[in-house]
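In: need a structure here:
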Amino acid sequence: MSSKVFTLEEVAKHNTKDDCWLIIGGKVYNVTKFLEDHPGGDDVLLSSTAKDATDDFEDVGHSTTARAMMDEYLVGDIDATTIPTKVKYTPPKQPHYNQDKTPEFIIKILQFLVPLAILGLAVAVRIYTKSESA
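Out: You can find the predicted model right below:
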């Protein structure tokens, strides 16, 4: 028995409470009759229509009983070539953001001069306090 093969476009048309199909693990399921019985509510299933819902299904961690129930709703296979491949998100390149807008070379100079000034002040205080006590 060969099962019917659907395209993503065909399956995507079935995305309402009266007609809800899902793609899970390369198979197409008509879960319309199961919507009101789904423990997570019908919104969870409806939000997974018109796409490959395999990750959504697996992330929840369904029981073996739930997986066995799926056979009852199977209507066919999905044509995998119609499902867009996942593209890894890469954020756009952004220039280095300097929050206080101070040019970096001023910061580098201050990183050198401030400790030097503190050291000089400490030496001056030490010399001044030594000469007073003598």
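In: only C-alpha atoms for contact and neighbour calcs from this point on.
Out: Fine.
In: show me where the protein has its helices.
Out: Ranges of helices within the chain are 8-12, 42-46, 54-60, 64-69, 104-133, based on DSSP state H.
In: how close does the spatially closest residue to residue 12 that is not a sequence neighbour sit to residue 131?
Out: Nearest non-adjacent residue to residue 12, counting by CA to CA, 6 or more residues apart in numbering: residue 50, 3.9 Å away. The gap separating residue 50 from residue 131 is 86 Å, by CA to CA, to the nearest Å.
In: between those two, tell me which one has more neighbours.
Out: residue 50 (20 against 9; other CA atoms under 10 Å).
In: pLDDT weak spots in this structure?
Out: 1-2, 87-102, 133-134 (pLDDT under 70).
In: domain ranges for it?
Out: The record's domain parsing of the chain by the TED database lists 5-82, 100-133.
In: out of those domains, deepest packed?
Out: Of all those, domain 5-82 carries the top mean neighbour count, a mean of 16, counting by mean count of other CA atoms under 10 Å.
In: ends of it, what's the gap?
Out: One end of domain 5-82 to the other measures 11 Å (CA to CA).
In: next one: it to chain centre, how far?
Out: With CA atoms, centre = their mean, to the nearest Å as the basis, domain 5-82 stands 21 Å off its chain's centre.
In: can you list contacts of stretch 46-59?
Out: Stretch 46-59 is contacted from outside by 8-9, 11-17, 20-25, 83, using CA atoms under 8 Å, 6 or more residues apart in numbering.
In: typo on my end, stretch 9-19
Out: Stretch 9-19 has contacts (CA under 8 Å, 6+ apart) with 20-23, 28, 30-32, 35, 42, 46, 49-51, 82.
In: let's see it at 10 Å
Out: By CA atoms under 10 Å, 6 or more residues apart in numbering, the surrounding residues in contact with stretch 9-19 are 20-23, 28-33, 35-36, 42-43, 45-51, 78, 82-83.
In: now do the contacts for residue 125.
Out: Residues near residue 125 by CA under 10 Å, 6+ apart: 119, 131.
In: relative to residue 42, how far out is the nearest residue to residue 21 once chain neighbours are set aside?
Out: Excluding the flanking residues, the one nearest residue 21 by CA to CA, 6+ apart is residue 30, at 4.4 Å. Separation of residue 30 from residue 42 (CA to CA): 13 Å.
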